[in-house]
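Novice: Have a look; sequence and predicted model below, questions after that.
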Amino acid sequence: MNTRIISILDQRQVVGATVPALLETPTGMLADSLARPLHDLRISVTDRCNFRCVYCMPKEVFDKNYSFLPHASLLSFEEIARLASLFVAHGVEKIRLTGGEPLLRKHLERLIAMLRELRTPDGRELDLTLTTNGALLAQKAQALKDAGLNRVTVSLDALDDANFKRMNDVDFAVAQVLRGIEAAHQVGLGPIKINMVVKKGLNDHEVLSMARHFKDTPYILRFIEYMDVGSSNGWRMDEVVPSAEVIRRINAVLPLQPVDANYAGETAQRWRYVDGSGEIGVISSVTRAFCGDCSRARLSTEGKIYTCLFGTDGHDLRALLRDARSDAEISSAIALLWRQRGDRYSELRSAAKPTSSTQRKVEMSYIGG
Ligand code: SAM
Ligand code: SF4
Ligand code: SF4
């Protein structure tokens, strides 16, 4: 059995003095080795996608010979909900469903309804959200809302139809994504954020037209620096457009002023239009690392937990679930993992100033961003 985590657990069980203490208090708030709490859980519900975004699932790698996970490997909704409840007992208040493309997972509304039932230790509902490419949003928005989803984030990298099709590489029209965003707004899945990954030479010429399009609308546009996630997108530093440059270009035409963060640890830096017509955000994972506030754990489609987006190995919680371990044992394993977490990949990358990325890392489409 694949079992990095089981061995951790068993080791502790052998070391009798440690385990009883953990098992007696398997729940409760956690802090990692850098004093960061566990607050956010991102759950990938599928590794498949109906797009082949060139910076995420390039066609040459994710072709018909690519081995996606077989259905039996995927966590069931019951398994996901059980793990989520243990994470919530440890302080998680926000859950984001992602993928691959999460709306491809059949009956996703059933999972959302199950997660909606969860409560924080002091009885509050969770903030339940989802990141999607928007392709299926128009048809699914109402069902998602009815199941209890709070809001959605929609990825949209271009407005120019030819450019959008070049980027998603499956000839998908931008108009259908815009219809999805509108449908999500109509059913109340807001506030809706629109994420644009900016890659030099590919879509950075659309920064201003995107800003103009979403200015004075209920939607919050966020520009994301192209990151060195995974090993298949051939990332190069000279293809990153620094957020400072994005702000400079917009500010030159549509004056901006900075806004305070909504809460400590917010990944986006906020800016508002001086004329009062809305706000935008920039996520500067490459040029301004925010590891110091990173309180996110990521659960892969097959039940591995990653304590950093740039992880190379996950810890196999599915093995524990399918080995009939108790809630207390799995909860202890989660606590153990979080307490020993010391990840700060982006900070270290900033210090090293790489021009390309050679380290083997987990793919974005597998772990979900
Ligand atoms: N398929 C859904 C979507 O595209 O919204 C959810 C999964 S996708 C992996 C999550 C987010 O990661 C998307 O907003 C996508 O643009 C972003 N992303 C993927 N690869 C990236 C990269 N190399 N750098 C920055 N963001 C990336
Ligand atoms: Fe699919 Fe999202 Fe990756 Fe694009 S970014 S290929 S939509 S998983
Ligand atoms: Fe969090 Fe890892 Fe990203 Fe740093 S590099 S912000 S620790 S996910």
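Specialist: Cool, the structure landed. Note that this is a predicted model, so its numbers are computed, not measured. Ligands and ions are numbered 1, 2, ... in the order given.

Novice: Where do the strands of the stretch 251-369 of the chain begin and end?
Specialist: Assigned by DSSP state E, counting those that start in this stretch, the stretch 251-369 of the chain shows strands spanning 256-259, 269-273, 279-283, 296-299, 304-306, 315-316.

Novice: other SSEs contacting the third one?
Specialist: In this structure, strand 279-283 makes packing contacts with strand 220-225, helix 243-251, strand 269-273, judged by 3 or more Cβ pairs under 8 Å, 6 or more residues apart in numbering; DSSP states H and E. Heads up, the C-betas are built off the backbone N, CA and C, glycines and all.

Novice: From residue 203, how far off is the residue nearest to residue 222 when sequence neighbours are not counted?
Specialist: What sits nearest to residue 222 in space, not counting adjacent residues and going by Cβ to Cβ, 6 or more residues apart in numbering, is residue 281, at 4.0 Å. As judged by Cβ to Cβ, to the nearest Å, residue 281 and residue 203 stand 17 Å apart.

Novice: Spit out the contact partners of the closest residue to residue 91 other than its chain neighbours.
Specialist: Of all residues not flanking residue 91 in the chain, residue 29 sits nearest, at 4.5 Å (Cβ to Cβ, 6+ apart). Taking Cβ atoms under 8 Å, 6 or more residues apart in numbering as the contact definition, residue 29 lies against 37, 38, 90, 91.

Novice: Please report how far the second one lies from ligand 2.
Specialist: In other words, residue 38. 25 Å (Cβ to the nearest ligand atom, to the nearest Å).

Novice: tell me the contacts of that residue?
Specialist: 29, 30, 32, 87, 90, 91, 92, 295, 297, 338.

Novice: which ones are touching residue 104?
Specialist: 46, 48, 49, 50, 136.

Novice: Looks to me like the third one is in a strand.
Specialist: No. Residue 49 sits outside any strand when classified using DSSP: H, G, I helix; E, B strand; the rest coil, being coil.

Novice: What about it, how many residues nearby?
Specialist: Residues lying near residue 49 (other Cβ atoms under 10 Å) number 21.

Novice: you'd agree it is up against residue 103?
Specialist: No. Between residue 49 and residue 103 there is no contact under Cβ atoms under 8 Å: 10.1 Å.

Novice: Please pull up the helix or strand immediately following the host helix or strand of residue 165.
Specialist: Applying DSSP states H and E as the criterion places residue 165 in helix 161-168. Counting by DSSP H and E, the element after helix 161-168 in chain order, helix or strand, is helix 174-187.

Novice: what does that following helix contact?
Specialist: 132-138, 141-142, 144-145, 152, 154, 156, 158-161, 164-165, 190, 192, 194, 218-219.

Novice: and the stretch 51-200 of the chain, which residues reach ligand 1?
Specialist: 55, 56, 98, 99, 101, 131, 132, 133, 155, 195, 197 (Cβ under 6 Å from any ligand atom).

Novice: try 5 Å this time
Specialist: Proximity of the stretch 51-200 of the chain to ligand 1, by Cβ under 5 Å from any ligand atom, involves residues 55, 56, 98, 99, 101, 131, 133, 155, 195, 197.

Novice: With distance to ligand 3 as added columns, please give these in a markdown table.
Specialist: Below are these laid out as a markdown table (distance: Cβ to the nearest ligand atom, whole Å):
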| residue | distance to ligand 3 |
| --- | --- |
| 55 | 17 |
| 56 | 16 |
| 98 | 13 |
| 99 | 17 |
| 101 | 21 |
| 131 | 15 |
| 133 | 21 |
| 155 | 18 |
| 195 | 16 |
| 197 | 15 |
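
Novice: Looking at the residues you listed, which is nearest residue 77?
Specialist: Nearest to residue 77 among those, counting by Cβ to Cβ, is residue 99 at 14.6 Å.

Novice: What sits closest to that closest one if chain neighbours are left out?
Specialist: Among residues not flanking residue 99 along the chain, residue 46 sits closest, at 4.7 Å (Cβ to Cβ, 6+ apart).

Novice: residue contacts, the one you found?
Specialist: 74, 99, 100, 101, 102, 104, 105, 301.

Novice: Give me the subset of those residues lying in helices.
Specialist: Judged by DSSP state H, helices contain none of the contacts of residue 46.

Novice: Name the nearest of these relative to residue 259.
Specialist: Distances from residue 259 to the contacts of residue 46, taken as Cβ to Cβ, are shortest for residue 102 (29.3 Å).

Novice: In space, what's closest to that closest one - neighbours in sequence excluded?
Specialist: residue 45 (5.0 Å).
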